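S.K.: the sequence isn't on hand, but the structure is:
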C-alpha cells in the first residue's frame, strides 16, 4: 500500500514536471531562472529565437547581452530581488543573435525554498519592441497633427468628433470640450 502511494506521488510529480515543461517550452514569452549572481539556471526554448546557444549555456552570465547602458541597473535590480524577496518590473534592451537591439519588459520574482533566503530569480519577459515602435510613431503623428496650421477634425465612422487640433479651435473659436462627441 505504501509502495502504491509512493508510486502515485512519483507519477503525480512527473506529470507536474511534464505540464511545466510544456508550458515553458511552448510559451512565446521568455522564461528563465538565474542564480543570485545572474548566471543561467534555466532558459526556455523561446530564448533560442533571440540569443545564441553559447549565450544560454548553464552557468553563463545571463545578462551579458543586455545593452551596455542597462547592465548596471538590471544587475542591481536582480540583486535587490534576491536580497529582499520583493518582485520588480524591468525594462531593458537586449542585443540579439541577429545583431538587433530588442526592447524587453520583464517581471522578476525571487526564488526561495520554504523560508530559506532567496537563491536566485525567475524572470518572465516579453519582447515589446514593435509595441514601443508603434507608440513612438503615434506620438510623432499626434505632434504633427497638433502643430498643423490647418484646422483638423478626426471623427469615427458615425461622424462623431473624436479629436480636433489647436488650429481648428483657433479658426472656429470652438474649444475641444464643446465639439468632442458631436457630429
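M.R.: Structure's in. What do you need? Please read these numbers as outputs of a predicted model, since none were measured by experiment. Numbering: from 1, shown residues only.
S.K.: which element follows the helix or strand of the chain with the lowest mean pLDDT toward the C-terminus?
M.R.: The weakest-scoring helix or strand in the chain, judged by mean pLDDT, DSSP states H and E, is helix 2-26 (a mean of 76). Per DSSP states H and E, helix 2-26 leads on to strand 30-35 as the next helix or strand towards the C-terminus.
S.K.: residues contacting that following strand, please?
M.R.: Strand 30-35 is contacted from outside by 24, 40-44, 46-47, 50, 62, 78, 104, 106, 111, 119-127, using Cβ atoms under 8 Å, 6 or more residues apart in numbering. All C-beta spots, glycine's among them, are computed from the backbone N, C-alpha and C.
S.K.: other SSEs contacting the strand or helix carrying residue 131?
M.R.: Using DSSP H and E, residue 131 sits within helix 129-147. In this structure, helix 129-147 makes packing contacts with strand 101-111, judged by 3 or more Cβ pairs under 8 Å, 6 or more residues apart in numbering; DSSP states H and E.
S.K.: list the buried residues for the strand it packs on?
M.R.: Neighbour counts over strand 101-111 (16 or more other Cβ atoms under 10 Å) mark 102-104, 106, 108-111 as buried.
S.K.: ok and that strand relative to helix 129-147, angle-wise?
M.R.: 120 degrees (axes from the mean of the first three to the mean of the last three Cα atoms, to 10 degrees).
S.K.: run through the neighbouring helices and strands of the next helix or strand after the helix holding residue 131.
M.R.: Scanning forward in sequence from helix 129-147 by DSSP H and E, the next helix or strand is strand 153-155. Packing partners of strand 153-155 (3+ Cβ pairs under 8 Å, 6+ apart): strand 161-164.
S.K.: using ChimeraX, make a named selection holding only the buried ones among the contacts of strand 30-35.
M.R.: A single ChimeraX command is used to select the members of the contacts of strand 30-35 judged buried by 16+ other Cβ under 10 Å:
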select :24,40,41,43,44,46,47,50,62,78,104,106,111,120,121,122,123,124,125,126,127
